[in-house]
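Visitor: got a structure for you, letters missing:
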């Protein structure tokens, strides 16, 4: 399994080994994401997973029924990391997003849901590093206010996962290994951009400070998943 036994972290009575690579051949982020998303797209599905109680991650809605499904899960805020071109190519059918990417905001508003659009370059460590401080702090603030958040990009593999990873590490104070196991257990297709996280951390801490005890309950609930 290409594991390095000494590269491990102990949590209680559990040894956390790194989740080192994708299981399928050709382990690049691009190949992995395209293979996964094409299947979701061909089936007309939305792929949603709960990471912790108030935080979901997944693929972009493609039908109005997908938004209804998010509403049924209790989602109150949807955060979208697609670019404008992503929105036009991978959009909710029949609402005019092909011409106006913001058309979906009116659908969310009609459902009593909040919509936040944070366009971020796909497959880009630079883009994720730039997005992570703001997105992580935003997610943490929304969770503190009692919101249930859905984080999505196209496939729910890279950008939207990165925002969740930043929230768990920068905001709640999990180690990278703890975060990786929590996220991978709920979203096995997740891509972990550790370089983006390392580059973003000092900017997060300079602007928003380090994780404090205010979120200890949420952190304890998250660590209980290990």
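Guide: The structure has been received and is ready for your questions. In this text the structure is predicted, and so the values were computed from the model without any measurement.
Visitor: wait, what's in contact with the closest residue to residue 83 other than its chain neighbours?
Guide: Nearest-residue entry for residue 83: residue 119, 4.8 Å, with adjacent residues in sequence omitted and distances by CB to CB, 6 or more residues apart in numbering. C-beta: built from backbone N, CA, C; applies to glycine. Neighbour list for residue 119: 81-84 [criterion: CB atoms under 8 Å, 6 or more residues apart in numbering].
Visitor: Mind giving me the ChimeraX command for buried ones among the residues you listed?
Guide: In ChimeraX syntax, the buried subset of those is picked out as below (16 or more other CB atoms under 10 Å):
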select :81,82,83
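Visitor: how about the contacts of residue 119 in JSON lines, adding pLDDT, secondary structure and distance to residue 104?
Guide: JSON lines is the format used below for the contacts of residue 119 (pLDDT from 0 to 100; DSSP: H, G, I helix; E, B strand; the rest coil; distance: CB to CB, whole Å):
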{"residue": "81", "pLDDT": "98", "secondary structure": "coil", "distance to residue 104": "14"}
{"residue": "82", "pLDDT": "97", "secondary structure": "coil", "distance to residue 104": "10"}
{"residue": "83", "pLDDT": "96", "secondary structure": "coil", "distance to residue 104": "14"}
{"residue": "84", "pLDDT": "95", "secondary structure": "helix", "distance to residue 104": "12"}
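Visitor: So of the contacts of residue 119, which two are at opposite extremes in space?
Guide: Greatest spatial distance among those (CB to CB): 81 and 84, at 11.9 Å.
Visitor: For the protein, which helix or strand comes out least confident on mean pLDDT?
Guide: Least confident helix or strand, the chain: strand 14-16 with a mean of 65, by mean pLDDT, DSSP states H and E.
Visitor: So which bits of the helix or strand just after it are buried?
Guide: Counting by DSSP states H and E, the next helix or strand C-terminal to strand 14-16 is helix 29-42. Within helix 29-42, the residues scored as buried using 16+ other CB under 10 Å are 29, 32-33, 36-37, 40-41.
Visitor: on contacts alone, who are the packing partners of the helix or strand following helix 29-42?
Guide: Once the chain leaves helix 29-42, the next helix or strand it forms, by DSSP H and E, is strand 48-52. If contacts are counted by 3 or more CB pairs under 8 Å, 6 or more residues apart in numbering; DSSP states H and E, strand 48-52 sits against strand 55-58, helix 176-186, helix 216-223.
Visitor: between those, which one is nearest to residue 154?
Guide: Here strand 55-58 is closest among these (CB to CB), at 10.5 Å.
Visitor: what does the top helix by length along the chain rub up against?
Guide: Longest helix in the chain, counting residues (DSSP state H): helix 125-144. Contacts of helix 125-144 with the rest of the structure, by CB under 8 Å, 6+ apart, involve 54-55, 77, 79, 81, 116, 118, 120-121, 149, 151, 158-159, 162-164, 166-167, 169-172, 193, 195-197, 199-200, 203-204, 207-208, 214-215, 218.
Visitor: Kindly recompute the last result at 6 Å.
Guide: When contacts are defined by CB atoms under 6 Å, 6 or more residues apart in numbering, helix 125-144 is touched by residues 54, 77, 120-121, 149, 162-163, 166-167, 170-171, 193, 195-196, 199-200, 203-204, 208.
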